[in-house]
Structures are given as C-alpha cells and as structure tokens.
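**Student:** kindly return the folded structure for what I paste below:
(one chain, ligands or ions: 1)
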Amino acid sequence: MKKITTALFGLLITVSAFADWPIFTQRYTADPYSLVHNGRLYLYCSHDFLKEGAESRPERGYFMKDITCISTDDMKNWTDHGEVFDVKDSKWGAKLSWAPCVIERNGKFYLYYGDGMNCMGVAVSDSPTGPFVDTNDGPIVDKKTPGVMEGSGGQWGMWCFDPGALIDDDGQAYLYFGGSHPDNARVIKLKENMIEVDGPAVKLNASGFFEASFVHKYRGRYYLSYSGHHFSKPSNIEYVTSDHPMTGFDNPGIAMTPPPVNDGHNHHHSIFEFQGRWYMAYHNRQVAHDNGVESQALREFTRNVCIDELFYNEDGSIRPVIATRDGVDQLKYVSPYNHPYRAHTMALSKGIQTAPNNDGGRYVTELNDGDWIMIKGVDFGLPGAARFMAEVAGVSKGASIDLRLDDPNGVRIGTCNLEPTEGGQNWVIQSTLTNNAVGVRDLFLVFRGQGNDLLNLNSWQFEPK
Ligand code: FUB
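**Tutor:** Numbering: from 1, shown residues only. Below is the predicted model:
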C-alpha cells in the first residue's frame, strides 16, 4: 500500500491507495498472450497451480491443464472469464496446456497451446471467451513436422512449444515457436484454415533465444521478441527485427530486463497496442509472495500476470520496459449508475473466488468475513450516489456488505445489511441508502458476517441522488 495525495474538489486530501500490480489475484496466471477485439483487451494465460503430491506436499512442476482468460476495457478493472480451454477438450488427447496464443480470423478464434514442451495443438471457438475445442486428430506441430528438428541444438533438444501467431497484412498467417537453445527458434506458415501448417518450419536467427516467442509489427517492421539468455542471468525479454516475417532477423535489443519479485525464474511476455498506446504483459511472482508461498522453488510455479506501458525510440528500437506497481493509466472511469456492474470485474481482491453463472458469466463467491473486491476509478459525480443495490444469492444470517472508499478501512459510504436467502444462484436485489459517495473513488465492497461462504454476489450498482 502507498500513500498518495490527490486533489478532490479543490481540497488536498491524503488517502491510502493499493497498488494495482499485479493485475489479477484470485488465481495464479502466467505467460500472458494478448488479443484486442471489439474495444477490449483479452489476456490468455497459463493457469498455474500447486499440485498436491505425496504426503500432501506441493510438487514442483508445470502441471497446467487449462487456460485462464481475463479482459479489460479500462486497463485497471479486469473481468475474470474463468478457464476458456481445458485439455480434456483436446480430441487427440493433449495432457497439458502451456503458454497459449490466440488469434482471430473471419470471426473464429484460434488458441494454440503447448502440450508441455513436446508439441502444440490448436483449439477453436466462435467467441474470444470460449469454450475452445481442439477437434484435430493430432498436434498441429510436433517434432516430426518437417523443418522442426533440422539444425536444432542444446542439451535438452528442441522444445516444441510457446506459440506466437501473426496474420500478416497480405493474409498469410505464421506460427513462431521453439525453445531451450538459440538454434531452436522456428516459424512455420499456416494455411488459411489456421488449423494446418503450410510447408516446413524455418529456422530463425534470434540471438540468445531461449523461449517465449512473440511477433508483432510496428511501422511495417517485424519484431520477434523472446525470453533470452536464460542461463547467463538475467533472463531478459530480447528482440530482433526484420523486413520479412521468415528471414533476416537482426539488430538485437532488450525490451525488458527481469521484473522485480520474480525470484530469478522465467520471464514471458506479449506486446500489443490498445487504444493508441503500446504495452507489454508479463509475469512475476508477487501474488505467491502475498499468499505466503515461502519456498522460492515452489514460487517458480505460482506466477501472476502484470502489465506496463512500452515505448519506442524514434528509430523504432524499443525502450526497455520499466516495471511499475501503478504505472498504467486508467483509460476510462467506471459508471456506477443505470446498469448492473458485474461483480467478476475488479481491480483487486482479497480472499474471494469466482464461479460460473447460469447466464454464462461468473459471480463472486467463497466470501468470508473481511474479504473484499476493489473496483478502481468509480465516477460517482455530483451530487453523488443515493442508494446501493446488490444482486445476491445464498446469503447467510447476519451477512452484510460494507461500502468503503479507497481502502478496505476507508470512509464508509453505507452498509448493506442483507436478508438471508436460500440457493446459491437464486438472485435477488437488496439495497441500502448511501452517503458521501461523490467524485472519482476506488470502491471497496467488504464482506462481513460469521462463518464461511457468507453470500454470492452477481452484480452491483448505485442510484444517483
Ligand atoms: O508456463 C510454462 C513455461 O514457462 C512456458 O512455456 C515458458 O515460456 C515459461 O514461461
């Protein structure tokens, strides 16, 4: 938490402000891959977790079996779309889903994923939020695909994973991938159907390449960025550029040094433009520290996604991204009036989970006394809010929602004492009068009561004065 001084209606007041990095805290997420679609930014992430091993001890390893998707339209409040692809929906029987990449073509969304380090599959959906299903008879690329193993090197051999897709301006699609050694960076053409390759894989010149291929275009040039020099620490995000998508990559540069609170572990990223600004998404291990995962060896497998702004120099080179805890601007404020604001969109949270709703969205659940969600930059305006309404279900006796500004213990603008209700998804609206909710503030909904599972929250809204 840090103190900030802010000007509100001509008064200078000091408030405690929570930092907003990491950007998603309810589950562990990693390897963020960006997709901008219809004014929203989507991030597709490996869904890290600690697998329970012998004697109920967590096991070290990347056991991820599904892909988490989150999205935003303001860069601060993130909607939790849950897990949008599960390897059980791979017809050919992939066992793992690592480091996805998603791209849209003609209204369909294609999600490429690594079955560990062995090969890659592709799952398809009509919606950016899934469900994605892989109906192919086998992986789209594996070590038998022509060109994959040719000229490969390194003590661990080719890691056939970490896909990064690009559809070029002429419609030709490419898949970049590979890992473990500088000789293992590859690109392969995709057919128009996006689920088959077209010709052999081609080796790329990518100085210091280790893993995590990503390709974007800026001013007509191709930028191949990747996690590089992994074993001669630090593990930077490095890049090379070219005028051609398959050859001629050169002019190595550094796009980001290792982020803070990363414990010397891996680095992974994506680069994208959203509403006229450029950003890099990446991961570190902040949430694991916050959750008290004490062992550094285990924190390797409990990552969380982060975002910072990215700037180019005049000559097109990338200025190394600076990792900040609160450096990204909110692009628009949240309007609390006239429509329900879904509870699974938030900037920060404590102790909560989300679960799938009957209507295809998600609701906030697993609420115990003192848990909260924070919605950043709520514009109450003047004269402000008169009433708060919550769409709740499964309310236990004595449960309430405390409405606070800027901090879980900040100014209280109301308390919604809830009537008990039956059924986890029998939604009812309950409300309370509010006071002193004016201007732009961070809204904390703090859940109060005795025992576990106090209530489920589907949406909330205010009525103006
Ligand atoms: O998430 C598993 C692996 O960790 C990815 O495939 C690598 O890029 C590294 O981030």
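
**Student:** give me every residue in this structure lying close to the ligand.
**Tutor:** Those residues of the chain that sit near the ligand, judged by Cβ under 6 Å from any ligand atom, are 30-31, 46, 62, 98-99, 114, 161-162, 211-212, 266, 268. Where you see a C-beta, it was placed from the backbone N, CA and C, and this is true even at glycine.

**Student:** would you turn those residues into JSON lines with secondary structure and distance to Thr79?
**Tutor:** Formatted as JSON lines, these follow (DSSP: H, G, I helix; E, B strand; the rest coil; distance: Cβ to Cβ, whole Å):
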{"residue": "Ala30", "secondary structure": "strand", "distance to Thr79": "19"}
{"residue": "Asp31", "secondary structure": "strand", "distance to Thr79": "19"}
{"residue": "Ser46", "secondary structure": "strand", "distance to Thr79": "19"}
{"residue": "Tyr62", "secondary structure": "coil", "distance to Thr79": "25"}
{"residue": "Trp98", "secondary structure": "strand", "distance to Thr79": "23"}
{"residue": "Ala99", "secondary structure": "strand", "distance to Thr79": "22"}
{"residue": "Gly114", "secondary structure": "strand", "distance to Thr79": "25"}
{"residue": "Phe161", "secondary structure": "coil", "distance to Thr79": "28"}
{"residue": "Asp162", "secondary structure": "coil", "distance to Thr79": "26"}
{"residue": "Glu211", "secondary structure": "strand", "distance to Thr79": "29"}
{"residue": "Ala212", "secondary structure": "strand", "distance to Thr79": "25"}
{"residue": "Asn266", "secondary structure": "coil", "distance to Thr79": "27"}
{"residue": "His268", "secondary structure": "coil", "distance to Thr79": "22"}
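
**Student:** just name the closest of those to Val378, please.
**Tutor:** Nearest to Val378, judged by Cβ to Cβ, of the residues of the chain next to the ligand is Ala30 at 29.6 Å.

**Student:** show me the contacts for the nearest residue to the closest one once chain neighbours are set aside.
**Tutor:** Closest residue to Ala30 apart from its sequence neighbours, by Cβ to Cβ, 6 or more residues apart in numbering: Arg303 at 3.6 Å. Counting by Cβ atoms under 8 Å, 6 or more residues apart in numbering, Arg303 touches 28-31, 46, 48, 265, 283-285, 288.

**Student:** low pLDDT regions in this structure?
**Tutor:** Counting by pLDDT under 70, the chain has low-confidence residues at 1-20, 233.

**Student:** now with 80, please.
**Tutor:** 1-21, 230-234 (pLDDT under 80).

**Student:** okay, helices next: where are they in it?
**Tutor:** Under the criterion DSSP state H, the chain contains helices at 286-290, 296-299.

**Student:** and the last one, what does it pack onto?
**Tutor:** The elements that helix 296-299 packs onto, with contact taken as 3 or more Cβ pairs under 8 Å, 6 or more residues apart in numbering; DSSP states H and E, are helix 286-290.

**Student:** show residues contacting the helix it packs on.
**Tutor:** 21-22, 25, 28, 261, 298-299, 302-304, 306.

**Student:** farthest pair within those residues?
**Tutor:** Pairwise over these, using Cβ to Cβ, the maximum falls at Trp21 and Leu298, 21.7 Å.

**Student:** who has more neighbours, these two?
**Tutor:** The neighbour count for Trp21 versus Leu298, taken as other Cβ atoms under 10 Å, is higher for Trp21 (21 against 16).

**Student:** so that one touches Arg325, yeah?
**Tutor:** Yes. Between Trp21 and Arg325 a contact is recorded at 4.5 Å, counting by Cβ atoms under 8 Å.

**Student:** from the stretch 251-400 of the chain, which residue is nearest to the ligand?
**Tutor:** His268 (3.8 Å; Cβ to the nearest ligand atom).

**Student:** residues touching that residue, list them.
**Tutor:** 30-32, 99, 162, 211-212, 227, 282-283.

**Student:** ok so, going back, out of the contacts of Arg303, who's the most crowded?
**Tutor:** Asp31 (31 neighbours).

**Student:** am I right that it is in contact with Cys45?
**Tutor:** Yes. Asp31 is in contact with Cys45 according to Cβ under 8 Å; the separation is 6.1 Å.

**Student:** shared neighbours of these two, anything?
**Tutor:** Pro100.

**Student:** ok, for Pro32, nearest residue in space, not its chain neighbours?
**Tutor:** Closest to Pro32 by Cβ to Cβ, 6+ apart is Ala281, at 3.9 Å.
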